[in-house]
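K.L.:
With the sequence up front, the predicted model follows.
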Protein chains: 2
Amino acid sequence: MELDERKLKILKAIISNYLETGEPVGSRTISKYTDLNLSSATIRNEMADLEELGLIMQPHTSAGRIPTDKGYRLYVDQMMSEKDTEMKEMKTQLLERVDKMETMLKQVAKVLAYNTNYATLVTAPQYQNSKLKFIQLSQVDDSQLLAVIVVDGNVIKNKLMQVERMLANDELLKLNVLLNTFLQGASLQDINLEMIHTIKNQAGEFADIMENIFQGIAEAIHEADEVEIYTSGTTNMLKYPELGNVEQTTKLLEALEERQGLNELIDESLNNSDATGIQVYIGEEAPVSNMKDCSIVTATYELDGGGKGTIGIIGPKRMDYKKVVSTLKNLTDELDTIFKKKE
Amino acid sequence: MELDERKLKILKAIISNYLETGEPVGSRTISKYTDLNLSSATIRNEMADLEELGLIMQPHTSAGRIPTDKGYRLYVDQMMSEKDTEMKEMKTQLLERVDKMETMLKQVAKVLAYNTNYATLVTAPQYQNSKLKFIQLSQVDDSQLLAVIVVDGNVIKNKLMQVERMLANDELLKLNVLLNTFLQGASLQDINLEMIHTIKNQAGEFADIMENIFQGIAEAIHEADEVEIYTSGTTNMLKYPELGNVEQTTKLLEALEERQGLNELIDESLNNSDATGIQVYIGEEAPVSNMKDCSIVTATYELDGGGKGTIGIIGPKRMDYKKVVSTLKNLTDELDTIFKKKE
DNA sequence: TATTAGCACTCGGAAAGATTGAGTGCTAAT
DNA sequence: ATTAGCACTCAATCTTTCCGAGTGCTAATA
C-alpha cells in the first residue's frame, strides 16, 4: 500500500489536531474539520490504512487515533522543509539585560521556557579548540598566587594557588612574560608535556612553583571543558499528563535537575547536527533513557572563536514542532550575532 | 485548661507518629503504642482537650488527629533544647571532592537533599562587609582591559572593559599601584564617591579610563552582592502527597526553580538567627507565600572573613525535625571548619 | 470502483451505589 | 478519673451501571 496525497493530508490533520488537544482523534473530527469533504466512514478506511502503515495507532479499541513515533517523524521531516515565521517579542525580552554570558544563557533558557511552555536547556559554548589569549599571575597575599586565564571568547578562569614564599615583583614579571610567550595563542590541546617541560626549564629556580602553576592551569582548563548546562521550565513537564504517571515525570525532572545524561544528549546533538544545526529526537530516538516518552529538539549555535553551544527543548511528543523549530532557528541566529557583537 | 505532663506526652506521641506515617493518628494507636497504659477512650478525651488548645486538629470528622502549626511549633521548641546525634557518613561524602567553592556548595546541596529526601538550598557566603584584598588591571588585547578583584574569603570577580587605546606597561603599573593603595583593605561600603573622586584626580590623564574602571568595579561589586542560590532535590517534594494537589506542588517547584522569594527567605533567616543559627518556619510562618504548606529549616554558617551563608531544607510540615536540625547543626560546623582551613 | 449510510459492537470514563473500617463522641459503669 | 460499649460519621474503595465516542463491517449508492 502506498502513502498517497490524501492519506498524507489526513495524517497531517490527525497530528495537528492531536498536537492541539492531546486527545486521540476520531474519524468524524477529521471529516468535519478538513476541506477534504469526505465522510467519516471513508476517513475510517483511510485511518485503518495509516494504522497498517504504522503511522498512527489506537491507544485502545474504540478510541480515536494518535500518531506513532514514525508518524511524528514523517510530519517533522515534512515540516522542516517549510518556511519559518514569527518571533520578535522574544528578541526584545532577550536583550533586556545582557551583561554577562552566564546571566545571558540563563536568561535564554528562561525566556525560551516561558515562551514555549516546555523544558529548556542551554549550554555555554564549549571552547576546547579555542586559543589561549592571556595568562597573568599575581600575588594576592603572602601565600597565595592568583592565575587569571583568558581564552578566546573572553572566557575567564581564576585559579588560586598556595605558594611557599612571596614572589618579588620582578620574579612575577619574568614568569608572566615566560608564560605568555609560550602559551599565548596556543589552543588548549597544544599545551602538551613537551611544552611544559621547556617552560619549566626556562623557569630555573621557579620550576617547582611552575609545577604548581601548571597544576592550576590544568585544573582551570579542565574546568573550562566541563560544560555548564542551564535548564529552565522543567516543571512545565508536569503540565502534560500524557507523559505517563507522575512517577515517570518525576524521574525525568530528577534527570534534568541532576543533569543525568544531558552530556550525552549534548554531545550527540553537537556531533550529528547538519547544516541547519537542528536535530529532532522523537521518543525512542532520544539518547537519554528517561526521556523516551518525550521529544527533544536541539539546535547548535556557533561562535566565530570556534565555540559551539547547544540549546534544547524537551517536551511531550505532541509538541508544536513547527513553532519550536522556527523559534530555535531564529534564536541561534540571534545568539550568533550577539556573541559576535560582544567579541 | 492547662497543658499538663500527660497531655504533652500524648501530643508528642501523636506528632512523632504522624511524622512517620503521614496519616492522621487515632486514639487507639496512641493507646497501644505508648507506655502510658491508657485506654483509647481516655486518649480521646485528652485529644479533645488538645484540640481545644489548638495543638491538633481533625482533617475531617471521624478521622484521626494531625498536628496544627501551633502543635508543631511546640514540638520543635521542646526538641530544640535536646541533644544532637549521629552524622558521620555525610562528612565523608562531602569531602570527596572539594576543590572549588561553587562546586562544593552544589555538592552540599546535593548530598543534603539525598540524605534527607527534602528539597535543599544553599547560598554562597555573602561578603558585603568583607574587605577588598587585591585589584589588578591587565591589558588582554588591543581594546580590552581586565580587572580582577579579590575580596576576603577569596571571592574573585573578573570584569572586562572596553578601552579606547592600549595602555603602556608603566601606565598599567601606575594605575595598579594607585588602585591598590587606595582600595586595599577597604570594605565594599568604604568605597564612596569621595574616594572615587580622589583616585580620579590622582589618575591624571587616565581619569576617563578610571571612570570606566569604577563602572566595572561597581558592576563587579554589585554582582558579588547578588547571592548565588543552589538548590537540589526539589523533586523530592513530589514524594509528599499531603502537600496538596499537584498544582500547588508545581507552584512550589517553580518557585524553587526560578528562585522566587528565596532571597526574602535568606535575608529573613540571616537576620533572625539566634546563637545556634538555626531557624524553623512552620507553615504560615514561612516568609514565602508558595511555601505555606511546608516547613523550612534554615541554618547560618559563618566564615572568619565575616561572610555568612545559609543552608535551608524545605519539606512537608511532618518533616523529621530532630534529624534535620541536628544534621544542619553539624553541617554548618563542618562548613565553618572547611572554609577556615581553606583560607 | 470509490464512497457513504447504517448498525452492532467495544471499551474507557463518569456517575451512582454499596461496603468497609478507622475513628469519634457520648453515656453509663467501675 | 478511667474505661467499656455503642451508635454514628465519613473518606476511601470497590461495584455496578450507564453513556457516548469511536470503530469495523456490510450493504446500498453514484
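P.N.:
Received it, and whenever you're ready, just let me know what you need. As the structure is a computational prediction, the values presented were derived from the model and not from experiment. Residues are numbered from 1 along each chain as shown, chains lettered A, B, ... in the order given.

K.L.:
what does chain A have sitting close to DNA strand D?
P.N.:
Contact residues (Cβ under 7 Å from any atom of the strand) of chain A with DNA strand D: A:23-29, A:40-41, A:44, A:47-48, A:51, A:58, A:61-65. Using the backbone N, CA and C atoms, a C-beta is placed for each residue, glycine as well.

K.L.:
restrict those to those near DNA strand C?
P.N.:
Answer for the residues of chain A next to DNA strand D near DNA strand C (Cβ under 7 Å from any atom of the strand): A:41, A:61-63.

K.L.:
quick one, what contacts residue A:320?
P.N.:
A:19, A:116 (Cβ atoms under 8 Å, 6 or more residues apart in numbering or on different chains).

K.L.:
about what we covered before: any chance of the ones next to DNA strand C among the residues of chain A next to DNA strand D in CSV, with secondary structure and distance to chain B too?
P.N.:
Below are those laid out as CSV (DSSP: H, G, I helix; E, B strand; the rest coil; distance: Cβ to the nearest Cβ, whole Å):
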residue, secondary structure, distance to chain B
A:41, helix, 41
A:61, coil, 30
A:62, coil, 29
A:63, coil, 25
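
K.L.:
In PyMOL, how would I select just the buried ones from the residues of chain A next to DNA strand D?
P.N.:
The buried residues among these can be selected in PyMOL (16 or more other Cβ atoms under 10 Å in any protein chain shown) with this line:
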select buried, chain A and resi 24+25+26+27+29+44+47+64+65
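
K.L.:
in the stretch 51-200 of chain A, what spans have low per-residue confidence?
P.N.:
A:81-101, A:127-130, A:152-155, A:188 (pLDDT under 70).

K.L.:
Residue of chain A nearest DNA strand D, please.
P.N.:
residue A:26 (2.7 Å; Cβ to the nearest atom of the strand).

K.L.:
Report the separation between that residue and residue A:318.
P.N.:
Distance from residue A:26 to residue A:318, counting by Cβ to Cβ, to the nearest Å: 16 Å.

K.L.:
What is the longest helix anywhere in chain A packed up against?
P.N.:
Ranked by residue count, the top helix of chain A under DSSP state H comes out as helix A:321-342. With contacts defined as 3 or more Cβ pairs under 8 Å, 6 or more residues apart in numbering or on different chains; DSSP states H and E, helix A:321-342 has these neighbours: helix A:69-80, helix A:89-95, helix A:101-116, strand A:278-282, strand A:294-302, strand A:308-316.

K.L.:
which stretches of chain A form helices?
P.N.:
A:5-21, A:27-33, A:40-52, A:69-80, A:89-95, A:101-116, A:169-183, A:193-203, A:207-225, A:246-258, A:262-272, A:321-342.

K.L.:
mind listing what residue A:2 touches?
P.N.:
Residue A:2 sits next to no residue when contact means Cβ under 8 Å, 6+ apart.

K.L.:
so which residue of the stretch 51-200 of chain A comes closest to DNA strand C?
P.N.:
Closest point on the stretch 51-200 of chain A to DNA strand C, by Cβ to the nearest atom of the strand, is residue A:62, at 2.7 Å.

K.L.:
do the same with the stretch 201-343 of chain A
P.N.:
residue A:241 (10.1 Å).

K.L.:
Excluding chain neighbours, what is closest to that residue?
P.N.:
Nearest residue to residue A:241 in three dimensions, chain neighbours excluded: residue A:22, at 7.7 Å (Cβ to Cβ, 6 or more residues apart in numbering or on different chains).

K.L.:
what's the average pLDDT for stretch A:242-255?
P.N.:
The average pLDDT for stretch A:242-255 rounds to 80.

K.L.:
sorry, back to before: identify the residues contacting the residue nearest to residue A:241.
P.N.:
A:240-242, A:316, A:318.

K.L.:
which stretch among the helices of chain A comes nearest residue B:228?
P.N.:
Among the helices of chain A, helix A:101-116 comes nearest to residue B:228, with 10.2 Å by Cβ to Cβ.

K.L.:
Which residue ranges make up the domains of chain A?
P.N.:
When chain A is parsed with automatic domain parsing, its domains come out as A:5-80, A:89-126+A:227-342, A:132-225.

K.L.:
before we move on, the earlier item: ramachandran coordinates for the residue nearest to residue A:241?
P.N.:
The phi and psi torsions at residue A:22 (degrees, to the nearest 10) take the values phi 80, psi 0.

K.L.:
of the contacts of residue A:22, buried ones?
P.N.:
Neighbour counting with 16+ other Cβ under 10 Å marks A:240, A:316, A:318 as buried within the contacts of residue A:22.
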